[in-house]
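# from the sequence below, what's the structure:
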Amino acid sequence: MLSCWSEKRMASQKSRIAMNSFYKHFFWLWIGGLLVSCHKKADEDYPPLYEEAVDPDEGAVFAKIVSSFRVMQESHVPLQRAFHSKVHGCAAGEFQILADRPDVTKQGIFKDTKNYHTVLRFSNGARSEYADKNVEVRGLGIKVFGVPGEKLLVTQSNATTQDFVMNNVSAPVTSDPKEFFEFIVAVSQGKWAFLEFLATHWSIAGRIVKFASRKVESLVTERYWSGVAFKLGDKAMKYSVQSCGVPFKGVPNREDPNFLGNDLRSYAAEHGMCWTLGVQLQVDPEKTPIEDATVEWTESLSPTIPVARIVIPRQDLGDPSVMAACKDLTYTPWHAIEEHRPLGRLNRVRRPAYALAHKTLRHGEVPVEPTDFSAKLLDP
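The predicted structure is shown next:
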């Protein structure tokens, strides 16, 4: 008995030592990240306002990255999404274009003052379904129905949907697709491989520590950002949503592995939900760049302009058939009209990456965009 207790105590001490070493390394990585973030890249070449800078070799680089992503996705049994595997639920309502929006924003879907049907999907960002207290990004996908115009995806050019894809971080932690892929590989190989990666990517370490330092209380009251740029007619924008509903007043039970999803369903049934969607315009090629998405477009440089309100009436999100249909939805920033074309290298790699991931999940079948979703949730 005493021997067993001693072995457990030694194992516990070793675990504490390992974790202390882990956090000690992470602390110095964070300091390094802060120092690096204070220095501007001297060799950065900024294209003119509203324009992209496309590397002539990036197509070949993207192909290698996408192929590797496919191998990673297919290695998971059972087959599931490459990211955002844990879906908390979908909510249906109206996407209302605000009448008092400025003329400069009256482009694309924001051109006319009208209402659209919409469905929102909430998810955790990881490729595996961890407990909600796990540190990871939270995703929000908004699919708007009845949007006229040819869509950018050739296989779905006649679809009537426009997607807005966001996370609860204002800017990505990596600046280019190759760096992002290396980051994902390091994460998948465990904490020491992850630390080794951060040791040579201090700026990423600083961004991760900043993100990991805050706790998510509720999916309903989080703010979500596009992080990357899009066209707004002949200009460039980033977009985000903020809650305009009833403030969250509960105390989350973080021991519940599904506390975020449970809160979402409870909140939707009791209050309904409301968000305001706003856009930030690119104002300077260097201070609000398109290609380096890690540079946040600050409110002081480009204030958020409200252009739409998303109104979700009270509804039951817990029906199993609704959840199954929710999980089957696909979201991609390339479900879009030309006036909202995705911009920048991270967006450009998302086009083949998302398309292949969706086809892989459906064993080679191209997903079919729905024409509406409201009836699944709002019909009596």
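# element containing Pro56, please.
Taking DSSP states H and E as the definition, one finds Pro56 inside no helix or strand.
# quick one: it from Glu196, how far?
Computed with CB to CB, to the nearest Å, the distance linking Pro56 and Glu196 is 32 Å. The C-beta positions use only the backbone N, C-alpha and C, and glycine is treated the same way.
# then Asn347?
From Asn347 across to Glu196, the span is 29 Å (CB to CB).
# so those two - more neighbours on which side?
Using other CB atoms under 10 Å as the criterion, Asn347 and Glu196 rank with Asn347 on top: 23 against 14.
# what backbone torsions are found at that one?
Phi and psi for Asn347, reported as degrees, to the nearest 10, are phi -70, psi -40.
# what of Thr174?
The phi/psi pair for Thr174 (degrees, to the nearest 10) reads phi -120, psi 150.
# which SSE is the closest residue to it other than its chain neighbours in?
Leaving aside its sequence neighbours, Thr174 sits nearest to Phe180 (CB to CB, 6 or more residues apart in numbering; 4.2 Å). Assessed by DSSP H and E, Phe180 sits inside helix 177-188.
# and what of Trp334?
Taking DSSP H and E as the definition, Trp334 sits outside all helices and strands.
# what about it, distance to Thr174?
Trp334 sits 20 Å away from Thr174, going by CB to CB.
# now do Asn347
For Asn347, the distance to Thr174 - CB to CB - is 13 Å.
# what about the helices in the stretch 51-200 of the chain?
Taking DSSP state H, counting those that start in this stretch to define them, one finds helices in the stretch 51-200 of the chain at 58-74, 177-188, 191-199.
# next one: the stretch 201-350 of the chain
Going by DSSP H, counting those that start in this stretch, the stretch 201-350 of the chain shows helices at 202-212, 259-270, 320-328, 345-361.
# tabulate those helices (a markdown table), appending mean pLDDT and distance to Phe122.
Compiled in a markdown table, those are given as follows (pLDDT from 0 to 100; distance: least, CB to CB, whole Å):
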| stretch | mean pLDDT | distance to Phe122 |
| --- | --- | --- |
| helix 202-212 | 78 | 18 |
| helix 259-270 | 93 | 6 |
| helix 320-328 | 88 | 9 |
| helix 345-361 | 77 | 18 |
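# can you list the ones you listed in TSV and add distance to Met237?
Listed next are the helices of the stretch 201-350 of the chain as TSV, based on distance: least, CB to CB, whole Å:
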stretch	distance to Met237
helix 202-212	22
helix 259-270	28
helix 320-328	28
helix 345-361	12
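# tell me which of the ones you listed sits nearest to Val311.
helix 259-270 (12.3 Å; CB to CB).
# Provide the contact partners of the closest one at residue level.
88-89, 91, 122, 124, 132-133, 138, 216, 218-220, 246, 248, 250, 252-253, 256, 273, 312, 314-318 (CB atoms under 8 Å, 6 or more residues apart in numbering).
# please flag which of the residues you listed sit within strands.
Cross-referencing those against strands under DSSP state E gives His88, Gly89, Ala91, Phe122, Asn124, Arg138, Met273, Ile312.
# before we move on, the earlier item: can you lay out the helices of the stretch 51-200 of the chain as TSV showing distance to Tyr46 and mean pLDDT?
As requested, the helices of the stretch 51-200 of the chain are exported to TSV (distance: least, CB to CB, whole Å; pLDDT from 0 to 100):
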stretch	distance to Tyr46	mean pLDDT
helix 58-74	17	72
helix 177-188	19	77
helix 191-199	27	81
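# out of these, which comes closest to Ser226?
In terms of CB to CB, the element of the helices of the stretch 51-200 of the chain nearest to Ser226 is helix 177-188, at 15.9 Å.
# before we move on, the earlier item: who's in contact with the residue nearest to Thr174?
Pro172, Thr174, Leu346.
# ok, 10 Å please
Phe180 makes contact with Ile65, Pro172, Val173, Thr174, Ile204, Arg345, Leu346, Val349, Ala353 under the criterion CB atoms under 10 Å, 6 or more residues apart in numbering.
# again, but for Glu94
Asn115, Tyr116, His117, Thr118, Val144, Ala308, Arg309, Ile310, Val311, Ile312, Pro313, Ser374.
# among those residues, name the buried ones.
Neighbour-count burial (16 or more other CB atoms under 10 Å) is assigned, among these, to Tyr116, His117, Thr118, Val144, Ala308, Arg309, Ile310, Val311, Ile312.
# quick check: bridge partners of the residue nearest to Phe145 when sequence neighbours are not counted?
Excluding the flanking residues, the one nearest Phe145 by CB to CB, 6+ apart is His117, at 4.5 Å. Counting by DSSP bridges, His117 is bridged to Glu94.
# correct me, but His117 touches Ile142?
No. Using CB atoms under 10 Å, His117 is not in contact with Ile142; the gap is 11.4 Å.
# overlap in contacts of those two?
In contact with both His117 and Ile142: Phe95, using CB under 10 Å, 6+ apart.
# chain center to stretch 288-303: distance?
Distance, stretch centre to chain centre, for stretch 288-303: 17 Å (CA atoms, centre = their mean, to the nearest Å).
# repeat that for stretch 128-144.
8 Å.
# same question for it, mean pLDDT?
The average of the pLDDT scores along stretch 128-144 is 88.
# also stretch 94-113?
Stretch 94-113 shows a mean pLDDT of 98.
# give me the distance between the two termini of that stretch.
This stretch, stretch 94-113, spans 13 Å end to end (CA to CA, to the nearest Å).
# burial of Pro352, as a residue count?
Neighbour number of Pro352 under other CB under 10 Å is 17.
# an error on my part: the question was meant for Pro306.
When neighbours are counted by other CB under 10 Å, Pro306 comes out with 16.
# cool, and Gly146?
Around Gly146 there are 15 residues (other CB under 10 Å).
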